[in-house]
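Student: coords please:
(chains A, B, C and D)
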2 protein chains.
Amino acid sequence: MTLTLHPESAPGRAGSGSGQAVDPAVALPVDDEFTERQREVLDAVLKLMVAQGDGFSVAAVARAASCSKETLYKWFGDRDGLLTATVRWQASKVRMPKLPEDRLTGEGLEKALTGFAASWLTVITGDLSVALNRAAVSHAGSAKSRLGEIVLTNGPFAMQRRLEPLFEAGRAAGLLAFDDAGEAFRGFFGLVVADTQIRVLLGEDHRPDASGISVLSTRAARQFLTLYGRG
Amino acid sequence: MTLTLHPESAPGRAGSGSGQAVDPAVALPVDDEFTERQREVLDAVLKLMVAQGDGFSVAAVARAASCSKETLYKWFGDRDGLLTATVRWQASKVRMPKLPEDRLTGEGLEKALTGFAASWLTVITGDLSVALNRAAVSHAGSAKSRLGEIVLTNGPFAMQRRLEPLFEAGRAAGLLAFDDAGEAFRGFFGLVVADTQIRVLLGEDHRPDASGISVLSTRAARQFLTLYGRG
DNA sequence: TTGACGCTGTACCGTACGGTACGGTACATG
DNA sequence: CATGTACCGTACCGTACGGTACAGCGTCAA
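Tutor: Numbering: from 1, shown residues only, chains lettered A, B, ... in the order given. The predicted structure follows:
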């Protein structure tokens, strides 16, 4: 039987090793989900999305990827499945910055926060992220597609899951003080992202460059420590 | 001659009374721009956008507004002009909260900030704002449409223009300290909005209610004063 | 009364796109 | 060699939609 990926035949996957049942269409992605050829096709879709949003036709994908429409439909079910697979494929490529695992110091914490902020700002202002977020936002209204869910899971929610251990470690080390880690995350997210993402999504052409991101990240980390730091 | 609104025949308007030439398609909206009947039509479009995003057809608009497609094209030029007019019409309805104009006290400032934050959160989590922002984000990629520009002008930029006088007054009164008002605005925006807007745009169904907004606004204002306040 | 005008409703046209079918090719397997 | 499989390229089908044309109707002014 042919490898197909649309819901009816997708193999079930547990999310993050927990016992909780997680819909595989939304779960954190794994690397071996697509064949080599399929990844080539999905990369072509990504290129198209960056170049012209999600307004491309399936025929254009076939042309760009040198494959037949029939194969696309066999692999991905329909246009929406193709988009979903593309978003998941890109999500599987994103790697979060490493956080310090040894004993936390004040400087180590601030450095980790700054690095995380810079990494996040770099990602969300990148062409790829902008294109994917635009597509996900567009489709979020129609309830037919789950792109929004996927981007949320692999974007803000993943960031939160990744960051909260750092917050907890900071609290355990007496460096941070907060009641609720979720609230602390919200504060950090706001200080880092602020109006940058919505402005970029709405098409403002001026985006912060590397040095601008460095300034913003440093400031955001320091401000976060002012609000949630101890001593 | 018939009243038409697409670029070729739209009357020029100066923005905000300054001598600067401002493209009328992007300028802050005025109330008398549309006739009564046109406003009815545009309100019908708003309803459609809330109900089904921008995926509606022009025929659906004509049906919903009980008018002919020909009239729609005569008034608004094309589908994009209709969307643009709709966004501008909605923008002209938004009113920002009043800010205190008498002598600023610490409590007065905090109260104004809290009120502004609550007002802003209420707006951006509303169905209408979500629908309009989704449409603007979708079209921002294609460079053909200027919806993104319009929403930016009437959203974040308008908020900033409205807020900076308050910041300056706070600084003049010795209540605030900051180098750059733009930087202060960014901080305030981040603390207020944080991840709320992107999550809502991506379709997360849980939105803060009135009491949640109250909590968030109070906290954001207090945090802003912690970072940028004096004494 | 008559004619101009602005509007509604509907029929119409061209096209673009999602989805399917089919012929042809390369390759692997027995 | 025969058979099956996976794929490419393309032709094809149905439909939905943007945009235009037109007939009919109410209004108002001359």
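
Student: give me the neighbour count for A:Glu101.
Tutor: 8 (other Cβ atoms under 10 Å in any protein chain shown). Placement of C-beta: from N, CA and C, glycine included.

Student: and it, how far is that from B:Thr71?
Tutor: As judged by Cβ to Cβ, to the nearest Å, A:Glu101 and B:Thr71 stand 67 Å apart.

Student: please identify the helix or strand for A:Gly55.
Tutor: Assigned by DSSP states H and E, A:Gly55 belongs to no helix or strand.

Student: what pLDDT is listed against the closest residue to it other than its chain neighbours?
Tutor: Nearest residue to A:Gly55 in three dimensions, chain neighbours excluded: B:Ser142, at 6.6 Å (Cβ to Cβ, 6 or more residues apart in numbering or on different chains). Looking at B:Ser142, its pLDDT stands at 83.

Student: what sits against A:Arg171?
Tutor: A:Ala177, A:Phe178 (Cβ atoms under 8 Å, 6 or more residues apart in numbering or on different chains).

Student: give the contact list for the most centrally placed residue in chain A.
Tutor: Computing the C-alpha centroid of chain A and ranking residues by Cα atoms, centre = their mean puts A:Gly155 first, at 3.2 Å. Residues in contact with A:Gly155 (Cβ under 8 Å, 6+ apart) are A:Asn133, B:Ile198, B:Leu202.

Student: on that earlier part again, so the residue nearest to A:Gly55 sits against A:Gly53, correct?
Tutor: Yes. Because the distance of 5.9 Å satisfies Cβ atoms under 8 Å, B:Ser142 is recorded as touching A:Gly53.

Student: between these two, which has more neighbouring residues?
Tutor: Taking other Cβ under 10 Å, B:Ser142 and A:Gly53 do not tie; A:Gly53 has more neighbours (20 against 15).

Student: quick one: that one and B:Ser138 touch, right?
Tutor: Yes. With contact defined as Cβ under 8 Å, A:Gly53 counts as touching B:Ser138 (7.5 Å).

Student: what sits in contact with each of these two?
Tutor: With Cβ under 8 Å, 6+ apart as the test, A:Gly53 and B:Ser138 both reach A:Arg134.

Student: now, among the contacts of A:Gly155, which is nearest to B:Leu83?
Tutor: Of all the contacts of A:Gly155, B:Leu83 sits closest to A:Asn133, with 20.4 Å by Cβ to Cβ.

Student: that closest one: what secondary structure?
Tutor: Assigned with DSSP: H, G, I helix; E, B strand; the rest coil, A:Asn133 falls in the helix class.

Student: show me the contacts for it.
Tutor: A:Asn133 makes contact with A:Ile124, A:Val151, A:Gly155, A:Gln197, A:Leu201, B:Val137, B:Ile198, B:Leu202 under the criterion Cβ under 8 Å, 6+ apart.

Student: ok, now with 6 Å
Tutor: By Cβ atoms under 6 Å, 6 or more residues apart in numbering or on different chains, the contact set of A:Asn133 is A:Leu201.

Student: kindly report the same for A:Asn154.
Tutor: A:Asn154 makes contacts with A:Ala91, as judged by Cβ under 6 Å, 6+ apart.

Student: quick check: pLDDT value at it.
Tutor: 94.

Student: from DNA strand C, how far out is it?
Tutor: The gap separating A:Asn154 from DNA strand C is 24 Å, by Cβ to the nearest atom of the strand, to the nearest Å.

Student: and for A:Ala173?
Tutor: Distance, A:Ala173 to DNA strand C, by Cβ to the nearest atom of the strand: 53 Å.

Student: ok, for that residue, nearest residue in space, not its chain neighbours?
Tutor: Nearest residue to A:Ala173, sequence neighbours excluded (Cβ to Cβ, 6+ apart): A:Leu104, at 4.4 Å.

Student: before we move on, what about A:Glu204?
Tutor: B:Leu152 (6.2 Å).

Student: can you check A:Gly141 too?
Tutor: Nearest non-adjacent residue to A:Gly141, counting by Cβ to Cβ, 6+ apart: B:Gly53, 3.5 Å away.

Student: would you check that the one you found makes contact with A:Ala140?
Tutor: No. At 8.5 Å, B:Gly53 does not count as touching A:Ala140 under the criterion of Cβ atoms under 6 Å.

Student: quick one, helices of chain A?
Tutor: Using DSSP state H, the helices of chain A run over A:36-52, A:58-65, A:69-76, A:79-93, A:106-124, A:127-140, A:147-152, A:158-172, A:181-193, A:196-201, A:210-228.

Student: can I get those helices in JSON lines including distance to DNA strand D?
Tutor: Shown next, in JSON lines, are the helices of chain A (distance: least, Cβ to the nearest atom of the strand, whole Å):
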{"stretch": "helix A:36-52", "distance to DNA strand D": "6"}
{"stretch": "helix A:58-65", "distance to DNA strand D": "6"}
{"stretch": "helix A:69-76", "distance to DNA strand D": "3"}
{"stretch": "helix A:79-93", "distance to DNA strand D": "12"}
{"stretch": "helix A:106-124", "distance to DNA strand D": "31"}
{"stretch": "helix A:127-140", "distance to DNA strand D": "15"}
{"stretch": "helix A:147-152", "distance to DNA strand D": "20"}
{"stretch": "helix A:158-172", "distance to DNA strand D": "30"}
{"stretch": "helix A:181-193", "distance to DNA strand D": "33"}
{"stretch": "helix A:196-201", "distance to DNA strand D": "23"}
{"stretch": "helix A:210-228", "distance to DNA strand D": "38"}
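
Student: report the outermost residue of chain A with respect to its centre.
Tutor: Chain A, Cα atoms, centre = their mean, max distance from centroid: A:Gly231 (33.3 Å).

Student: any idea how far A:Gly106 is from it?
Tutor: 8 Å.

Student: next one: A:Pro100
Tutor: Here A:Pro100 is placed at a distance of 12 Å from A:Gly106 (Cβ to Cβ).

Student: give the closest residue to the residue of chain A found nearest DNA strand D in space, chain neighbours not counted.
Tutor: Of the residues in chain A, the one nearest DNA strand D is A:Ser68, at a distance of 2.8 Å by Cβ to the nearest atom of the strand. Closest residue to A:Ser68 apart from its sequence neighbours, by Cβ to Cβ, 6+ apart: A:Ala62 at 6.0 Å.

Student: isn't the one you found right up against A:Lys69?
Tutor: Yes. Counting by Cβ under 6 Å, A:Ala62 does reach A:Lys69; the two are 4.8 Å apart.

Student: the two: which has the busier surroundings?
Tutor: Comparing A:Ala62 with A:Lys69 by other Cβ under 10 Å, the one with more neighbours is A:Ala62, at 18 against 13.

Student: the more buried one and A:Phe56: what is the separation?
Tutor: To A:Phe56, A:Ala62 is 11 Å away according to Cβ to Cβ.

Student: nearest residue to A:Thr122 in space, please, no chain neighbours.
Tutor: Nearest residue to A:Thr122 in three dimensions, chain neighbours excluded: A:Ile213, at 6.0 Å (Cβ to Cβ, 6+ apart).

Student: report the contact partners of that neighbour.
Tutor: A:Ala118, A:Leu121, A:Thr122 are the contacts of A:Ile213 under Cβ under 6 Å, 6+ apart.
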